[in-house]
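Visitor: sequence unknown, structure follows:
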């Protein structure tokens, strides 16, 4: 069974994001980029399936500029077998990315397609569901456990009321949540081996996908600065402040 994992290049979660002076976007110059954490969980799960003998090949794919090769090499160092980059400098809107991935899936024909449940930059949580619709496959979102039993794939997923267990027919799309696993660290030998693993660059224009702009970024603003708290000496003073200063009561 072939497993395909879609990954995204995002700002490192340990970096404090700054807004550009003109408010047009966030500052990316000189900012450390990394593999989106939820995508890293999806890669880890694919590798674990291969280690269990349930997957024969793990392929990672990303859509973006050539800079995304760095994150694909990270996924290869974690244990993926090969990588694909759909290279484009266009704005990565969810539907456009889903259309590119649809073409890649049609060419690769994987049985299981894994996504992180969302990217930490835009927080859209859309592409996995869009891909499932485009390829007409089963899907399970917010997966906290994936297993194979009695000749069927079983996914436990997070829902508002607790958890839900689904049985899936392949091909299927699964989006991965935080509780699914704890990603491993890439060892130095595996990082060196990743440099020799195949990474194919595909020109987005060659896929024959028609894309268009659906949204326009008007501006970005940092969150409002919180006022410094004050100490009160009694309950009556607290009530007075809540009533006359903050207007809460």
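Guide: Good, I have the coordinates. As the structure is a prediction and not an experimental result, all values here were calculated from the model.
Visitor: which residue ranges of this structure form strands?
Guide: All strands of the chain, identified by DSSP state E, fall at 2-6, 9-11, 33-35, 57-64, 82-87, 112-116, 138-149, 152-159, 162-168, 172-176, 199-203.
Visitor: would you list those in JSON lines and tack on mean neighbour count, mean pLDDT and distance to residue 101?
Guide: Using the backbone N, CA and C atoms, a C-beta is placed for each residue, glycine as well. Converted to JSON lines, the strands of the chain look like this (neighbours: other CB atoms under 10 Å; pLDDT from 0 to 100; distance: least, CB to CB, whole Å):
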{"stretch": "strand 2-6", "mean neighbour count": "25", "mean pLDDT": "96", "distance to residue 101": "6"}
{"stretch": "strand 9-11", "mean neighbour count": "20", "mean pLDDT": "91", "distance to residue 101": "15"}
{"stretch": "strand 33-35", "mean neighbour count": "20", "mean pLDDT": "92", "distance to residue 101": "17"}
{"stretch": "strand 57-64", "mean neighbour count": "24", "mean pLDDT": "96", "distance to residue 101": "7"}
{"stretch": "strand 82-87", "mean neighbour count": "21", "mean pLDDT": "96", "distance to residue 101": "8"}
{"stretch": "strand 112-116", "mean neighbour count": "28", "mean pLDDT": "95", "distance to residue 101": "8"}
{"stretch": "strand 138-149", "mean neighbour count": "18", "mean pLDDT": "91", "distance to residue 101": "13"}
{"stretch": "strand 152-159", "mean neighbour count": "17", "mean pLDDT": "89", "distance to residue 101": "20"}
{"stretch": "strand 162-168", "mean neighbour count": "13", "mean pLDDT": "90", "distance to residue 101": "19"}
{"stretch": "strand 172-176", "mean neighbour count": "26", "mean pLDDT": "94", "distance to residue 101": "10"}
{"stretch": "strand 199-203", "mean neighbour count": "14", "mean pLDDT": "95", "distance to residue 101": "11"}
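Visitor: residue 230: which of the ones you listed is closest?
Guide: strand 9-11 (34.7 Å; CB to CB).
Visitor: got a pLDDT number for residue 248?
Guide: pLDDT, residue 248: 69.
Visitor: residue 187 now?
Guide: 91.
Visitor: burial measure for it, as a count.
Guide: Using other CB atoms under 10 Å, residue 187 has 11 other residues around it.
Visitor: for residue 235, which of the strands of the chain is the nearest?
Guide: Nearest to residue 235 among the strands of the chain is strand 162-168 (38.9 Å), distances taken as CB to CB.
Visitor: what about the residue nearest to residue 102 when sequence neighbours are not counted, distance to residue 93?
Guide: Closest residue in space to residue 102, ignoring its immediate chain neighbours: residue 134 at 4.3 Å, by CB to CB, 6 or more residues apart in numbering. Distance of residue 134 to residue 93, computed by CB to CB, to the nearest Å: 14 Å.
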